[in-house]
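S.K.: My questions are about this predicted structure, shown below with the sequence.
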Amino acid sequence: MRPERIPDTTFDGAPAPCGEDGVLRLVIPANERAVRRGLMCIKLGLKNLNLDADDWSTLELVVAEIFNNIVEHAYKKPSTGLIETQMNYSKGQLQCEIVDTGCPMPNGTLPQGMQKSLDCDIADLPEGGFGWLLIRQLTSHLNYDRAAGHNILTFQLSLNGDT
């Protein structure tokens, strides 16, 4: 994606486990099938962190929401681009950066992710619109930037892994 970055883990190969430096890199095509496989690769790549079920569920939910938003909204046509991910783990903190070359966020800012009213009949419950609310609630230091044609989303997760 960015010329100065050469990922050491690609979609075509099994991910290398997060190394001594605590870094995992992954590049996947921007399509639904690749998102599912990418999540599996992240789980395998972070296996040595010994995350508990709650931490893994949080990580998977956040990354799946972000990846799916990129596929659905940033790229107009599936498989027209790549999603580059870098995760750095140190002392219980997972720093994440997710980069794509799709369309920028509307107004150049992250959606607020407002709470929707659930006080209605089951048939009238809203479908969707909860992703950014969940991402905002589960992460810290969430930031979006657009630079040189790249969307750059960074965030941090507090995890209980033991490396």
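M.R.: Sure, I can see it.
S.K.: what ranges do the helices span in the protein?
M.R.: Assigned by DSSP state H, the helices in the chain fall at 32-45, 53-69, 131-138.
S.K.: Reformat the ones you listed into JSON lines and put mean pLDDT, mean neighbour count and distance to Asn88 next to each item.
M.R.: C-betas here are computed from N, CA, C, even on glycine. Shown next, in JSON lines, are the helices of the chain (pLDDT from 0 to 100; neighbours: other CB atoms under 10 Å; distance: least, CB to CB, whole Å):
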{"stretch": "helix 32-45", "mean pLDDT": "93", "mean neighbour count": "17", "distance to Asn88": "12"}
{"stretch": "helix 53-69", "mean pLDDT": "95", "mean neighbour count": "18", "distance to Asn88": "13"}
{"stretch": "helix 131-138", "mean pLDDT": "91", "mean neighbour count": "16", "distance to Asn88": "18"}
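S.K.: right, and these - which one's nearest Ser158?
M.R.: Nearest to Ser158 among those is helix 53-69 (8.6 Å), distances taken as CB to CB.
S.K.: export the helices of the chain to TSV and tack on distance to Gln86?
M.R.: Listed next are those as TSV, based on distance: least, CB to CB, whole Å:
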stretch	distance to Gln86
helix 32-45	11
helix 53-69	12
helix 131-138	18
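S.K.: wait, which of the ones you listed is closest to Thr109?
M.R.: Of all those, helix 131-138 sits nearest to Thr109, with 11.0 Å by CB to CB.
S.K.: give me every residue that touches the closest residue to Phe155 other than its chain neighbours.
M.R.: Computed as CB to CB, 6 or more residues apart in numbering, the closest residue to Phe155 that is not its neighbour in sequence is Thr139, at 4.0 Å. Listed by CB atoms under 8 Å, 6 or more residues apart in numbering, the contact set of Thr139 reads 62, 155-157.
S.K.: Would you quantify the distance from Thr139 to Leu59?
M.R.: 10 Å (CB to CB, to the nearest Å).
S.K.: where does the residue nearest to Phe155 fall, phi/psi-wise?
M.R.: Dihedral pair for Thr139: phi -110, psi 170, per degrees, to the nearest 10.
S.K.: how long is stretch 88-107 end to end?
M.R.: Using CA to CA, to the nearest Å, one end of stretch 88-107 lies 29 Å from the other.
S.K.: Which residue would you name as the spatial centre of this protein?
M.R.: Val63 (3.0 Å; CA atoms, centre = their mean).
S.K.: Would you mind measuring from that residue to Leu142?
M.R.: Val63 is 13 Å from Leu142, by CB to CB.
S.K.: contacting residues for Phe155?
M.R.: Per CB under 8 Å, 6+ apart, neighbours of Phe155: 62, 96, 135, 139-143.
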